[in-house]
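Undergrad: what's the 3D shape of this:
(chains A and B)
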Amino acid sequence: KQEVTQIPAALSVPEGENLVLNCSFTDSAIYNLQWFRQDPGKGLTSLLLIQSSQREQTSGRLNASLDKSSGRSTLYIAASQPGDSATYLCAVRPISEGGSEKLVFGKGTKLTVNP
Amino acid sequence: DAGVIQSPRHEVTEMGQEVTLRCKPISGHNSLFWYRQTMMRGLELLIYFNNNVPIDDSGMPEDRFSAKMPNASFSTLKIQPSEPRDSAVYFCASRSEKLFFGSGTQLSVL
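TA: The predicted structure follows:
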């Protein structure tokens, strides 16, 4: 059974710092991996989608990498801003689900960027 | 586009009552998902539809839960009878390539 783990559960950094969020998954047989952002009381917003054949994706100050063989992904946030404060979740789409579009989510890392 | 629209935003009910949650997906999206989020278990997929047809309902906890999608622009998730352990935030999402989430329904069963 695929499990997704995100460590740490919470992270606090000063504004301007570059930071890395980590995601690990137990089964490397995945179709893709997505990073999401969730603001308090809101739904999730998809940030980046990495297909299993890709190594990384970039959007603005965000860069996500995927090392499928080791079951790891990182989300790099450059020059962090207070507006980046949110919970960041990663999710994988496992091949073991037989083509199902089911995503398995980690529990997230709550990021606080202090002015 | 207004995004994925869910109603109600908050629902407080008593144990044993029927609860119906509603979702309008983004126009043109062929897949619709119902997720439940709790502190203990995180986000869990309950059921998803492709072209209005239920594809994977393995996450539906028990027979008290049912979901329908009568057309491409509307879906419901029903809990009957509701129990306190059903208290959670219920999200609807629809998909093109990426997944787009609604703002969720905060359900409290007393």
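
Undergrad: Are stretch B:73-83 and chain A in contact anywhere?
TA: No. Shown here: stretch B:73-83 not in contact with chain A (Cβ under 8 Å from any Cβ of the partner chain), separated by at least 14.9 Å. Any C-beta I mention is one placed from the backbone N, CA and C, and that applies to glycine too.

Undergrad: what does the average pLDDT come to for that stretch?
TA: For stretch B:73-83, mean pLDDT is 97.

Undergrad: And the contacts of that stretch?
TA: B:13, B:15-25, B:27, B:32, B:34, B:46-47, B:49, B:64-69, B:86, B:90, B:92, B:107, B:109 (Cβ atoms under 8 Å, 6 or more residues apart in numbering or on different chains).

Undergrad: from those, which would you call buried?
TA: B:13, B:19, B:21-25, B:32, B:34, B:46-47, B:49, B:65, B:67, B:69, B:86, B:90, B:92, B:107, B:109 (16 or more other Cβ atoms under 10 Å in any protein chain shown).

Undergrad: Narrow those residues to those in helices?
TA: The members of the buried ones among the contacts of stretch B:73-83 all map outside helices under DSSP state H.

Undergrad: Could you give the number of residues near residue B:28?
TA: Using other Cβ atoms under 10 Å in any protein chain shown, residue B:28 is surrounded by 9 other residues.
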